[in-house]
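Participant: Sequence first, predicted coordinates after that:
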Amino acid sequence: MSQLSSALFDVHAGQGLRQFAELAIALLLSSLIGLEREARQKSAGLRTHTLVGVGSALFMEVSIHGFGSMLGIEGVALDPSRVAAQVVSGIGFIGGGLIFVRKDAVRGLTTAATIWLTCAIGMACGGGLPLLAIGATAVHFLIVRGFSKVSERITSGTALDRIELRLTYQTQQGLLGRMLEMCTGSGFRVTDVQVETAPADVSTAAEVLLRLEGSGSAHPLVEALTELDGVRGVALGRHDDSTE
């Protein structure tokens, strides 16, 4: 029994108090990030971030300590970084599942990036780098809490123009995407996209209403859209939030 106990908790086998402490640190730090996401009612909250952080730490422990019995065997070369590399690749599947597109707006990017960071923090804990993990956790709160206030102050001091563009265009592949790209490249943010009924006399045409917000000039954008091959008409109007 004593031999079994010493084998289970042998520090050299990667199952000592240090490894349990590293998992505990990963649990604590990932839980802090998860609580912040939970408080903001994001799609990935406390449980998801905690599981990602602890799981990543455990993968690192296995990568570093789990294959020690293979050392010394002829023809066997161990690379602990291989498991870590696979963890980085695998976390992309979870992050990708959190990102979705609603109309023209992309949602979930920050939450996916937070999952990615939590994975890195867990790996740092499992790799014996707890100070870096604690520092990265502090940076997370600085970014999600502090940077949002800075961006709010910047945008609040800028007068934004709200316009509407009604576009009639040929239904050719990629044309709508090109028009949206031109709008964003002209200093506007697309806040709404509404596909209208195509004119009855033109079966190959489509009509879309774009609501834009930004500090750019609307008239050069209208000129550029009008000259775009496949665009049949551009109507410019003003958008007032009070009418919604």
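Facilitator: The structure has been received and is ready for your questions. Numbers count the residues shown, from 1 in each chain.
Participant: Counting neighbours, what do you get for residue 208?
Facilitator: 17 (other C-beta atoms under 10 Å). (C-beta placed from N, C-alpha, C; glycine too.)
Participant: make that residue 51, sorry
Facilitator: 17.
Participant: Could you grab the helix/strand/coil label for it?
Facilitator: Using DSSP: H, G, I helix; E, B strand; the rest coil, the structure places residue 51 in helix.
Participant: in what helix or strand does residue 44 lie?
Facilitator: Assigned by DSSP states H and E, residue 44 belongs to neither a helix nor a strand.
Participant: now do residue 15
Facilitator: Counting by DSSP H and E, residue 15 is part of no helix or strand.
Participant: what does residue 237 give?
Facilitator: With DSSP H and E as criterion, residue 237 is part of strand 231-238.
Participant: quick one: buried residues of that strand?
Facilitator: Within strand 231-238, the residues scored as buried using 16 or more other C-beta atoms under 10 Å are 231, 234.
Participant: cool, and stretch 22-30?
Facilitator: So for stretch 22-30, counting by 16+ other C-beta under 10 Å, buried means 22, 23, 25, 26, 27, 28, 29, 30.
Participant: Break the protein down into its structural domains.
Facilitator: 2-155, 161-243 (automatic domain parsing).
Participant: The first one - what's its average pLDDT?
Facilitator: So that's domain 2-155. Domain 2-155 carries an average pLDDT of 80.
Participant: For the protein, which segments count as helices?
Facilitator: Counting by DSSP state H, the chain has helices at residues 2-8, 17-39, 46-65, 81-98, 109-126, 130-141, 148-156, 175-185, 218-226.
Participant: contact partners of the longest one?
Facilitator: Okay, so that is helix 17-39. 11, 44-50, 52-54, 56-58, 61, 65, 111, 114, 117-118, 121-122, 125-126, 128, 130, 133-134, 137, 140-141, 144-145 (C-beta atoms under 8 Å, 6 or more residues apart in numbering).
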